[in-house]
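A.B. asks: here is my input, please return the structure:
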Amino acid sequence: MRQFGIVLTLVLWVTSCVAQTSTVSPAQLAIEYSVSVFKVFVYTTENDDVPYEGTCFVIHQVGPATNPTLYLMTAAHVLLGQNANDDTNLDQIKKICVSYSNNGNWEITKDEKGNFRGGSVFIPPKWSSFNHDFALLKVVRAGKPVKALPIAERNPKVNDGFTAFGFQLGSSIGTPINGTLQSPADVSEEPWFLADVNISPGNSGGPVFANDGVFALVEGRINKDGSVKALVPISLARHFLEDSIPGFRFHTAGHVVTREVTKPLSVDCLKTKLETVTLQVPISYGEELLSASVSFDKPRNLKSDQVNTVSIQGNIVTVEYEIVGPRVGRFGCPEGSAILKVTAKIRQILSQ
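C.D. replies: Numbers count the residues shown, from 1 in each chain. All right, here's what the predicted structure looks like:
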């Protein structure tokens, strides 16, 4: 009887642990964080009577929990219009209203000198392409406790489910839209995901949830057939967010891989060579070069080598090095070459 009791206890304990580690669905996560998703109205010099409408959500907050400063993310075309281009700037905005209840709004307005009051507005320099269609609204002293939406650790795959949450045109009630991803983000064609369902205008700039957080924004500019199905990966906004929000770091660690690139170098006897070379590290869409170390694979009789500087810009590694060729041997100057080897660490932000 004692043995039976012990086995029964273990079975119950294991069952309890399994239940605790189950993940939530995108729809459940969207409902949980719906209190941090808001409708936004934008009045401009072009549409003073009928504002642009869209959706925004809390991406970051600082300060006291009951009266924080909020950073709200949305799409740039929500602020400037779906037919605007890179030449359209923030000067045309007169007022932005973010509705957080039936009777409550956060307002960002312009003063007589054209400066924003009540907050700030940020957009990327080249925003009109789909993969840069992002904007930030900074609301100072919001006076409302909210929580920032979690960012997904990695993108879902084709045929995975998602839930978008936003506000349809003319509606003050946020609604979830469930769907399935049709195609992955691909920089060679279209740098966004496609949904298998039509997403109504007004949801532009709204969050799209996987089961562990937000992985995309609704790109609400209408396609030629009148549909709205594009979802822009939020990871494309990483640098924009980090540059615009003091102290903000895009928390998705991603998967780090190592990749090597080599370059042969000619070697002359007893001659010192001081050169600067560049090597291109092959990276794919959604990857980021984090660091690079340099070493030499060399002939045994190479006299000396030294790496002076290593710099990284994008996926280009620039190396300044110095090598001294081998001594002249019994049979003259030996032929040979040194191999400059760059070992790069690459973070895969997007998973396909």
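A.B. asks: gap between the spatially most central residue of the chain and Thr66?
C.D. replies: Closest residue to the average C-alpha location of the chain: Ser235 at 1.7 Å, with C-alpha atoms, centre = their mean. Going from Ser235 to Thr66 by C-beta to C-beta, to the nearest Å gives 31 Å. C-beta coordinates here come from the backbone N, C-alpha and C atoms, glycine included.
A.B. asks: as a check, name the ranges of all strands in the stretch 1-150 of the chain.
C.D. replies: Ranges of strands in the stretch 1-150 of the chain, per DSSP state E, counting those that start in this stretch, are 37-44, 52-62, 69-74, 93-99, 105-110, 116-117, 119-122, 135-139.
A.B. asks: and the pLDDT at Tyr321?
C.D. replies: Predicted confidence (pLDDT) for Tyr321: 84.
A.B. asks: which helix or strand contains it?
C.D. replies: Remark: Tyr321 resides in strand 316-324, with elements defined by DSSP states H and E.
A.B. asks: strand partners (parallel or antiparallel) of that strand?
C.D. replies: Strand 316-324 pairs in its sheet with strand 272-280 (antiparallel), strand 304-313 (antiparallel), by DSSP bridges.
A.B. asks: export those strands as JSON lines, with columns for mean pLDDT.
C.D. replies: Listed next are the strands paired with strand 316-324 as JSON lines, based on pLDDT from 0 to 100:
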{"stretch": "strand 272-280", "mean pLDDT": "84"}
{"stretch": "strand 304-313", "mean pLDDT": "82"}
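A.B. asks: make TSV from those strands and add mean neighbour count and distance to Gly118 to it.
C.D. replies: Listed next are these as TSV, based on neighbours: other C-beta atoms under 10 Å; distance: least, C-beta to C-beta, whole Å:
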stretch	mean neighbour count	distance to Gly118
strand 272-280	12	46
strand 304-313	13	38
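A.B. asks: quickly list the domain ranges of this structure.
C.D. replies: Domain assignment for the chain, taken from automatic domain parsing, gives 26-244, 255-348.
A.B. asks: check those for me: which has the lowest mean pLDDT.
C.D. replies: domain 255-348 (a mean of 77).
A.B. asks: which stretches of the stretch 151-300 of the chain form strands?
C.D. replies: Counting by DSSP E, counting those that start in this stretch, the strands of the stretch 151-300 of the chain are 161-166, 175-183, 193-195, 207-210, 213-219, 230-233, 255-266, 272-280, 287-297.
A.B. asks: most packed of the ones you listed?
C.D. replies: Scoring the strands of the stretch 151-300 of the chain by mean neighbour count under mean count of other C-beta atoms under 10 Å gives strand 207-210 as the most buried, with a mean of 28.
A.B. asks: neighbouring strands for that one, and are they parallel or not?
C.D. replies: Going by DSSP bridges, the partners of strand 207-210 are strand 161-166 (antiparallel), strand 213-219 (antiparallel).
A.B. asks: could you dump those strands into JSON lines with distance to Lys147 added?
C.D. replies: Shown next, in JSON lines, are the strands paired with strand 207-210 (distance: least, C-beta to C-beta, whole Å):
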{"stretch": "strand 161-166", "distance to Lys147": "14"}
{"stretch": "strand 213-219", "distance to Lys147": "12"}
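A.B. asks: of all these, which lies closest to Asp49?
C.D. replies: Ranking those by proximity to Asp49 (C-beta to C-beta) places strand 161-166 first, at 23.4 Å.
A.B. asks: quick one: the closest one to strand 175-183, angle?
C.D. replies: 140 degrees (axes from the mean of the first three to the mean of the last three C-alpha atoms, to 10 degrees).
A.B. asks: and among the domains of the chain, the most buried is which?
C.D. replies: Mean neighbour count (mean count of other C-beta under 10 Å) peaks for domain 26-244 among those, with a mean of 18.
A.B. asks: that one spans what distance, first to last residue?
C.D. replies: When the termini of domain 26-244 are compared using C-alpha to C-alpha, to the nearest Å, they are 28 Å apart.
A.B. asks: cool, and stretch 24-44?
C.D. replies: End-to-end for stretch 24-44, by C-alpha to C-alpha: 40 Å.
A.B. asks: can you give the distance of that stretch from its chain's centre?
C.D. replies: 18 Å (C-alpha atoms, centre = their mean, to the nearest Å).
A.B. asks: just stretch 317-327 next, same as before
C.D. replies: With C-alpha atoms, centre = their mean as the basis, stretch 317-327 stands 38 Å off its chain's centre.
A.B. asks: may I have stretch 66-81 as PDB, with CA atoms only?
C.D. replies: C-alpha atoms of stretch 66-81 as PDB (Å, rounded to 0.1, in the frame of the first residue of the first chain):
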ATOM      1  CA  THR A  66       0.800  55.200 -11.700                       C
ATOM      2  CA  ASN A  67       2.000  58.100 -13.800                       C
ATOM      3  CA  PRO A  68       4.500  56.800 -16.300                       C
ATOM      4  CA  THR A  69       6.000  58.200 -19.400                       C
ATOM      5  CA  LEU A  70       4.800  56.000 -22.300                       C
ATOM      6  CA  TYR A  71       6.300  55.100 -25.600                       C
ATOM      7  CA  LEU A  72       3.500  54.100 -28.000                       C
ATOM      8  CA  MET A  73       4.400  52.300 -31.200                       C
ATOM      9  CA  THR A  74       2.400  52.600 -34.400                       C
ATOM     10  CA  ALA A  75       2.900  52.800 -38.200                       C
ATOM     11  CA  ALA A  76       4.200  56.100 -39.700                       C
ATOM     12  CA  HIS A  77       1.500  56.100 -42.300                       C
ATOM     13  CA  VAL A  78      -1.100  56.300 -39.600                       C
ATOM     14  CA  LEU A  79       0.400  59.800 -38.700                       C
ATOM     15  CA  LEU A  80       1.100  61.000 -42.300                       C
ATOM     16  CA  GLY A  81      -1.400  59.200 -44.500                       C
END
